[in-house]
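>>> Build the 3D model from these lines:
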Amino acid sequence: MKLAELQQAGRTPAMPLTIDAIAEAPLRLEHLLRVLPGQRYVARAQWQGRTVLAKLLVGSKAERHFAREVEGARLLAEQGMKTPALLAQGTSADGGWLLFEFLESARSLGDEWTALAPQSGLSDERQTLLGEALAAIAQLHLKGLWQDDLHLDNLLRHGGQLWLIDGGGVRAQTPGQPLSRDQVLSNLGVFFGQLPAELDAHLEELLVHYLLVNGEHALPLEALLKEVAAVRRWRLRDYLRKIARDCSLFSVHRSSSMFRAVRREDEALVGPLLDQADAALAAGQPLKQGGSSTVALVEAAGRRLVIKRYNIKGLLHWLKRCLQPSRAWHSWREGNRLGFVGIATPKPLGMLELRTFWLRRRAYLITEHAAGEDIIARFKPYLEEACAPPEPELEALDELFGALLRERISHGDLKGTNVLWQAGRWSLIDLDAMRQHRSDRSFAPAYARDRARFLRNWPADSALYRLLDARIPLTGPSPDA
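Model prediction:
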């Protein structure tokens, strides 16, 4: 295949694949690592008898991307940063290529962080990992460089050392001289903004690892927290745009007869279920047979999934719903929102709206199944007893309401059956009425209603009610405070 043909190769060209005459030798792609269809293909490859990391750039933006990659690789190497060697580079009318040293058996700090997901707060293992990352970032900043998309996947552990990758994102202020304080705060905001918000309380402690390497500037915590909050807001907006368009994370199809969005990693499983959603509902275990919705538990490929159909009850109901976003779309969006901000909910896998000339009809949502016990059943033994529920479960409830306050999210129907205990956390389901508020003014009354509805799960004269009423905050700081 010629390099130019990659532009039409789509998202998943068949591997292995040989590209003709790259740096005077064929390049055999073995495994794709990252794809931006029609623009960028990153792969493990064989070239001149050795394993390399190949970055192939095609399309109208190839020249610009190539220049950034070369400049970033040059800056990292010239400033003595530990980074894979650039073995060959070149451009032609078809596009550009860069061949880097391949770090065999390297593991990104992003993968290591994911392995620590069951841990909460700033555990010793998390602190050690973030401390190593911050020391490497401090060294980069000390040399006058930064990465504009700074995250843990750009740091690889190999041979007992950390290596920096992704030269295309490397920028320079004055190479060889420390970055300005404003640029340091901005870049650290990008880094911390991609970490769980629960770690914000530990930022001062984590900054010690950075300052031990680069103590050029005092870094005011308040200023850093503002940068972090701004990055989180931007990242959430960007993510919620992605759930509605075809991209590396989601497969989306839109026409006058339907709108379908599926998590790409689950498309092979979820796509066929959505294609035959009514049949899957009929064959599944019924969980709810209501007028407004029908819910069933199904098993597919060894996984337990929930399919929910939002019904149209008649002509008047259809006239009210046909021009509005469906409840399936709303639940899809809010489920993805909760997952992004770190609030537990069954993972949304796909949704489908059936349409007639763009007018919405029935809609479907597929999520993972939450097998947990609801809070009413779980706390029932403590309703009449003198003892309180286990402290870890109460602390998890503190974390849930704290997160709702922090993110200004109201559930809209916080009855006990919609709060499930699962894997050491309280998980929210039934997100049809969920909303993230832009201001405290609209959020405060919605949160008060949620809190009151939650407490009504238990008699007001019970010890359990009094315990929870005293524990659940009435209000809290907003993200803009």
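>>> Tell me which residues touch the spatially most central residue of the chain, please.
Nearest to the mean C-alpha position of the chain, counting by C-alpha atoms, centre = their mean, stands residue 340 at 4.8 Å. By C-beta atoms under 8 Å, 6 or more residues apart in numbering, the contact set of residue 340 is 235-236, 239-240. All C-beta atoms are positioned from the backbone trio N, CA, C, and that covers glycine.
>>> Secondary structure of it: a strand, I assume?
No: membership of residue 340 in a strand is not supported by DSSP: H, G, I helix; E, B strand; the rest coil, which gives helix.
>>> can you give me the helices in the stretch 1-150 of the chain?
Assigned by DSSP state H, counting those that start in this stretch, the stretch 1-150 of the chain shows helices spanning 62-78, 109-115, 124-142.
>>> I'd like to know which elements the first one is packed against.
Spelled out, that is helix 62-78. In this structure, helix 62-78 makes packing contacts with strand 50-57, strand 86-92, strand 95-101, strand 170-172, judged by 3 or more C-beta pairs under 8 Å, 6 or more residues apart in numbering; DSSP states H and E.
>>> Buried deepest among those strands, which one?
Between the helices and strands packed on helix 62-78, strand 95-101 has the highest mean count of neighbours, a mean of 22, where neighbours are mean count of other C-beta atoms under 10 Å.
>>> Okay, and the residue nearest to residue 193 when sequence neighbours are not counted sits in which element?
Spatially, and ignoring its direct neighbours in sequence, residue 193 is nearest to residue 231 (2.9 Å; C-beta to C-beta, 6 or more residues apart in numbering). With elements taken from DSSP states H and E, the one containing residue 231 is helix 221-242.
>>> who touches that helix?
By C-beta under 8 Å, 6+ apart, the surrounding residues in contact with helix 221-242 are 185-186, 188-190, 192-194, 197, 200, 203-204, 207, 249-250, 333, 336-337, 340-341, 479-480.
>>> Buried only: go through those for me.
Of all these considered here, the ones buried according to neighbour count by 16 or more other C-beta atoms under 10 Å are 185-186, 188-190, 192-194, 197, 200, 203, 207, 250, 333, 336-337, 341, 479.
>>> Mind checking which of these are in strands?
Using DSSP state E, residue 250 are the members of the buried ones among the contacts of helix 221-242 that sit in strands.
>>> So which of the buried ones among the contacts of helix 221-242 belong to helices?
Secondary structure from DSSP state H places 185-186, 188-190, 192, 203, 207, 333, 336-337, 341 of those in helices.
>>> Could you single out the nearest of these to residue 52?
Checking those against residue 52 by C-beta to C-beta gives residue 190 as the nearest, at 29.1 Å.
>>> roughly how far apart are that closest one and residue 183?
Taken as C-beta to C-beta, to the nearest Å, the spacing of residue 190 relative to residue 183 amounts to 11 Å.
>>> Just give the number of residues close to the closest residue to residue 147 other than its chain neighbours.
With C-beta to C-beta, 6+ apart as the measure, residue 169 is the residue that lies nearest to residue 147, at 4.5 Å, once sequence neighbours are left out. A count of neighbours around residue 169, defined by other C-beta atoms under 10 Å, yields 16.
>>> Return the residues in contact with residue 169.
Taking C-beta under 8 Å, 6+ apart as the criterion, residue 169 is in contact with 68, 72, 147-150, 154.
>>> 7 Å instead, please
Residue 169 makes contact with 72, 147-149 under the criterion C-beta atoms under 7 Å, 6 or more residues apart in numbering.
>>> Of those residues, which count as buried by neighbour count?
72, 147.
>>> Just the ones in strands from the contacts of residue 169, please.
Of those, the ones assigned to strands by DSSP E are residue 147.
>>> For the contacts of residue 169, please prepare JSON lines with the additional fields distance to residue 461 and pLDDT.
As requested, those are exported to JSON lines (distance: C-beta to C-beta, whole Å; pLDDT from 0 to 100):
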{"residue": "72", "distance to residue 461": "66", "pLDDT": "96"}
{"residue": "147", "distance to residue 461": "58", "pLDDT": "96"}
{"residue": "148", "distance to residue 461": "58", "pLDDT": "92"}
{"residue": "149", "distance to residue 461": "55", "pLDDT": "87"}
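>>> Tabulate the contacts of residue 169 (CSV), appending distance to residue 406.
As requested, these are exported to CSV (distance: C-beta to C-beta, whole Å):
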residue, distance to residue 406
72, 35
147, 27
148, 26
149, 25
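>>> Which one of the contacts of residue 169 is nearest to residue 356?
For the contacts of residue 169, the residue nearest residue 356 by C-beta to C-beta is residue 149; the value is 42.0 Å.
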